[in-house]
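Visitor: sequence and predicted model, in that order:
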Amino acid sequence: MAVWQDNLRRIFGQKEVLILHGNVRDSAYIKPGGNLIHGLTELLREMARAQKFNRIVHWGVFFDHEAKGHSPMWSLERIEPLEQGAAPELRETGAEQREQVVLTRWLTDEITDVTRRTVFVIHYLEKLTAYSQRGSYTKEVGLLVTLVEKMIENIPASNRLVMVTLQDTMVPMEYYTSSPKTAVVEIPLPDKKERFSFFQKHLSKHSYSEDRLDLLANVSDGLFVRDLETILGDVLKAAPAPGKEVPHAELKKIVNRYRIGTEEDPYSQLPLAGPPKGLVDSAEAWFKERIIGQDTAVAEAVKSIRKARAGVVGLASGQSAKPRAVFFFAGPTGVGKTFMAKKLAEYLFDTEEAFIRFDMSEFKEEHTVSKLIGSPPGYVGYERGGMLTNAVKNRPFSIILFDEIEKAHHKIMDIFLQLLDDGRLTDSRGQTVFFTESIVVFTSNIGTRSRDVAGQPIAEKEALDRIVKGEKDPKERSRRVREHFLLSVHSFFRHEISRPELLNRIGSDIVTFEFIDTQGSMEGMIRSKLKDIAANFRDRFSSSDLRLAFAPGVDAWFLERHRATIETFGGRGLVNAIDDEVSHLVASQLLIAEMKGLKGITFTVSVGGQGELTCLRGA
């Protein structure tokens with residue numbers, strides 16, 4: 001028996017009042033051995049019968065399927081005798097009667113009746129008496145709250161009052177605060193043991209191995225029992241032949257229909273060999289062509305992509321419901337950390353649009369966690385959901401970048417624990433969003449700071465400067481710089497914000513970036529950036545068939561003129577330098593071309609006779 005079911009039965013025997021919340025609308029719950037209890041009503045009836053109660057009285061709005069004619073009958077009350085096989089009796093109370101009529105009768109006539117041992121059930125509790133964050137109610141709702149409170153106070157040990165709601169935060173706190181008769185019980189989604197027993201019962205007779213059953217139990221984490229029943233039907237239909245198992249990849253596709261809403265799997269479409277993007281033999285070259293001077297970081301990133309493609313993520317822990325990969329990019333500013341994340345999106349999903357960025361400097365306050373997962377019920381913006389959960393729900397295959405993570409409030413880090421462990425988050429509206437097809441990237445400048453998150457002076461920058469200026473051997477300097485950033489990240493999580501558990505979730509996926517301070521790296525970065533600018537220009541002005549070219553020598557000119565800026569600020573410094581030196585020259589020529597109605601021409605930036613850049617318009 002599932003732990004929650006065992007606890008619920010025990011509490012049902014001990015407490016007079018239960019508030020049930022969570023997974024209360026599932027079509028079924030899994031019993032030991034994989035059998036099903038069909039819905040909450042049947043579960044309550046089973047518990048009531050086992051503990052010798054005589055009847056259940058439900059308050060809610062129930063449709064009478066036996067009604068004849070064109071006008072449907074609605075009932076506010078349904079009485080269910082507990083004798084085996086007895087048909088429920090429906091009693092019409094009249095649409096014009098208000099909820100107080102039923103609750104008042106329960107309070108005055110029935111709740112204290114010890115002769116019939118009755119279970120009273122209130123459905124849709126949040127609709128009856130919704131929680132008010134100000135603690136004030138309208139006259140009508142205030143009366144209902146008072147009636148329910150009196151029922152809680154007056155109910156004898158021989159009866160039970162069960163109130164059902166989607167979230168415990170949606171009901172008045174008066175019902176359970178300082179109330180010795182009341183227990184709040186969450187009904188969870190089916191756990192792995194339940195899911196395994198369900199699939200085992202229905203698929204073992206079709207010769208499914210324990211490995212396949214375990215796979216289904218793992219990848220269906222976070223789904224309702226109703227989803228499991230539908231998946232089971234699809235698996236049986238997809239069998240290649242009677243008694244044959246559905247292949248591993250096909251099982252994941254079937255589950256993904258219900259988990260993320262698509263069977264698409266861009267990872268399986270990655271080429272394994274051959275230029276330009278073969279994962280086994282060409283991926284590193286593809287990244288190095290675009291990310292200059294970060295060979296170690298590129299190698300680490302490609303290793304993780306290979307693990308994601310091979311499907312071995314979470315192999316040691318036994319959990320496959322994790323993000324495809326997790327990276328923590330640490331290093332100086334402007335060396336390509338964010339750019340690497342964008343190129344990961346381009347490599348994996350063929351577009352940089354599959355790149356979701358959150359600037360964590362916007363999350364310095366504890367309450368800003370609501371921006372990511374949504375505001376609590378009753379607060380402004382609740383209906384919109386969260387920025388993070390909405391973005392991943394709309395694009396499950398994506399790179400999610402949390403930029404400059406050290407600037408976020410340390411309590412916001414807590415939401416990352418579930419994300420990295422279980423590969424899912426539940427937003428403020430109770431919707432589960434899966435991150436199992438995403439890659440999570442944290443970036444940070446930890447290791448280059450002069451002050452910690454509390455504003456206290458620290459010596460990270462000074463220690464880094466001593467390594468950079470004092471170590472003459474390039475290889476040893478590079479090793480010591482990487483070690484410096486690694487130790488700084490560990491110190492941040494362990495000592496500054498006291499979140500060693502989050503560091504454990506990241507594990508060995510801390511990727512350190514180096515300074516762009518060698519002649520070859522800077523030259524390569526400049527050439528790459530000029531190439532990107534030419535490509536962006538072509539795309540932006542394709543309607544007029546305009547092109548931008550850079551003559552030989554321009555890259556050397558930028559290195560000579562802006563070397564110090566590039567060494568200090570990396571790629572961002574180079575972008576600013578190019579923008580300052582080139583944009584106004586090109587803008588002038590573009591405006592002249594527009595004035596003259598010229599199309600199909602090339603603008604060439606070159607070094608003039610006076611050592612300054614010029615931009616000439618071609619024929």
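Guide: Now that the structure is in, tell me what you want to look at.

Visitor: ok, longest helix in the protein?
Guide: helix 554-596 (DSSP state H).

Visitor: chain center to that one: distance?
Guide: Put simply, helix 554-596 sits 39 Å off its chain's centre (Cα atoms, centre = their mean, to the nearest Å).

Visitor: check which helices and strands that helix sits against.
Guide: Packing partners of helix 554-596 (3 or more Cβ pairs under 8 Å, 6 or more residues apart in numbering; DSSP states H and E): helix 519-540, strand 602-607, strand 613-617. Glycine gets a C-beta too; all of them are placed from N, C-alpha and C.

Visitor: chain center to the helix or strand hosting Ala48: distance?
Guide: For Ala48, the element it lies in under DSSP states H and E is helix 39-50. Its chain's average C-alpha position is 35 Å from that of helix 39-50, according to Cα atoms, centre = their mean.

Visitor: show me what it is packed up against.
Guide: Using 3+ Cβ pairs under 8 Å, 6+ apart: helix 39-50 touches helix 3-14, strand 29-30, strand 55-63, strand 118-122, strand 160-164.

Visitor: hmm, back to that, can you lay out the helices and strands packed on helix 554-596 as a markdown table showing distance to Gln589 and mean pLDDT?
Guide: A markdown table is the format used below for the helices and strands packed on helix 554-596 (distance: least, Cβ to Cβ, whole Å; pLDDT from 0 to 100):
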| stretch | distance to Gln589 | mean pLDDT |
| --- | --- | --- |
| helix 519-540 | 12 | 88 |
| strand 602-607 | 5 | 94 |
| strand 613-617 | 5 | 91 |
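
Visitor: and for the nearest residue to Lys253 once chain neighbours are set aside, the neighbour number?
Guide: The shortest distance from Lys253 to any non-neighbouring residue, by Cβ to Cβ, 6 or more residues apart in numbering, is to Glu263 (4.3 Å). Glu263 has 12 neighbours, counted by other Cβ atoms under 10 Å.

Visitor: beyond the helix or strand bottoming out on mean pLDDT in the chain, next helix or strand please.
Guide: Least confident helix or strand of the chain, by mean pLDDT, DSSP states H and E, is strand 89-91 with a mean of 43. For strand 89-91, the succeeding helix or strand toward the C-terminus, using DSSP H and E, is helix 99-105.

Visitor: circling back to that earlier point, what mean pLDDT does the helix holding Ala48 have?
Guide: Averaging pLDDT along helix 39-50 gives 93.

Visitor: and stretch 566-586, by the same measure?
Guide: 87.

Visitor: give me the residues contacting that stretch.
Guide: Outside stretch 566-586, the residues within contact range by Cβ atoms under 8 Å, 6 or more residues apart in numbering are 332-336, 339, 515-517, 522, 525-526, 529-530, 533, 537, 548, 558-559, 561-562, 565, 603, 605, 613-615.

Visitor: can I get that stretch in PDB, CA atoms only?
Guide: Extracted C-alpha coordinates of stretch 566-586, given in PDB (Å, rounded to 0.1, in the frame of the first residue of the first chain):
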ATOM      1  CA  ILE A 566      39.800  42.800 -25.000                       C
ATOM      2  CA  GLU A 567      42.100  41.500 -22.300                       C
ATOM      3  CA  THR A 568      40.100  43.200 -19.600                       C
ATOM      4  CA  PHE A 569      36.500  42.800 -20.900                       C
ATOM      5  CA  GLY A 570      36.800  39.900 -23.300                       C
ATOM      6  CA  GLY A 571      34.100  39.400 -26.000                       C
ATOM      7  CA  ARG A 572      31.900  42.200 -24.700                       C
ATOM      8  CA  GLY A 573      34.800  44.600 -24.900                       C
ATOM      9  CA  LEU A 574      35.400  43.600 -28.500                       C
ATOM     10  CA  VAL A 575      31.700  44.000 -29.400                       C
ATOM     11  CA  ASN A 576      31.800  47.500 -27.900                       C
ATOM     12  CA  ALA A 577      35.000  48.400 -29.800                       C
ATOM     13  CA  ILE A 578      33.600  47.200 -33.200                       C
ATOM     14  CA  ASP A 579      30.300  49.000 -32.600                       C
ATOM     15  CA  ASP A 580      32.200  52.300 -31.900                       C
ATOM     16  CA  GLU A 581      34.600  52.000 -34.800                       C
ATOM     17  CA  VAL A 582      32.400  50.400 -37.500                       C
ATOM     18  CA  SER A 583      28.700  51.200 -37.000                       C
ATOM     19  CA  HIS A 584      28.800  54.900 -37.800                       C
ATOM     20  CA  LEU A 585      30.900  54.300 -41.000                       C
ATOM     21  CA  VAL A 586      28.400  51.600 -42.300                       C
END
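
Visitor: confirm for me that Lys599 is in contact with Ser544.
Guide: Yes - the criterion here is Cβ atoms under 8 Å, and Lys599 meets it with Ser544 at 4.7 Å.

Visitor: could I get the full set of strands for the stretch 401-550 of the chain?
Guide: Applying DSSP state E, counting those that start in this stretch to the stretch 401-550 of the chain gives strands spanning 424-426, 432-434, 439-444, 510-512, 547-550.

Visitor: oh, I was asking about the stretch 201-350 of the chain
Guide: For the stretch 201-350 of the chain, applying DSSP E, counting those that start in this stretch gives strands covering 325-330.

Visitor: contacts for stretch 464-476?
Guide: Counting by Cβ under 8 Å, 6+ apart, 332, 447-448, 477, 480-481, 484, 515, 517-518 sit against stretch 464-476.

Visitor: what about 6 Å?
Guide: Residues outside stretch 464-476 that contact it (Cβ atoms under 6 Å, 6 or more residues apart in numbering): 477, 480-481, 484.

Visitor: with the residues you listed in mind, which one is nearest to Thr177?
Guide: Thr177 has its nearest neighbour among those in His484, at 51.3 Å by Cβ to Cβ.

Visitor: residues in contact with that closest one?
Guide: Applying Cβ under 6 Å, 6+ apart to His484 gives the contacts 447, 464.

Visitor: please apply the same query to the one 4 residues further on.
Guide: Going by Cβ under 6 Å, 6+ apart, Ser488 touches 446-447, 460.

Visitor: if we use 8 Å, what do you get?
Guide: Neighbouring residues of Ser488 by Cβ under 8 Å, 6+ apart: 330, 446-447, 460.

Visitor: kindly report the same for Val605.
Guide: Each residue near Val605 by Cβ under 8 Å, 6+ apart is listed here: 548-551, 554, 582, 585-586, 613-615.

Visitor: same check, this time on Gly600
Guide: For Gly600, the contacting residues are 544-546, by Cβ under 8 Å, 6+ apart.
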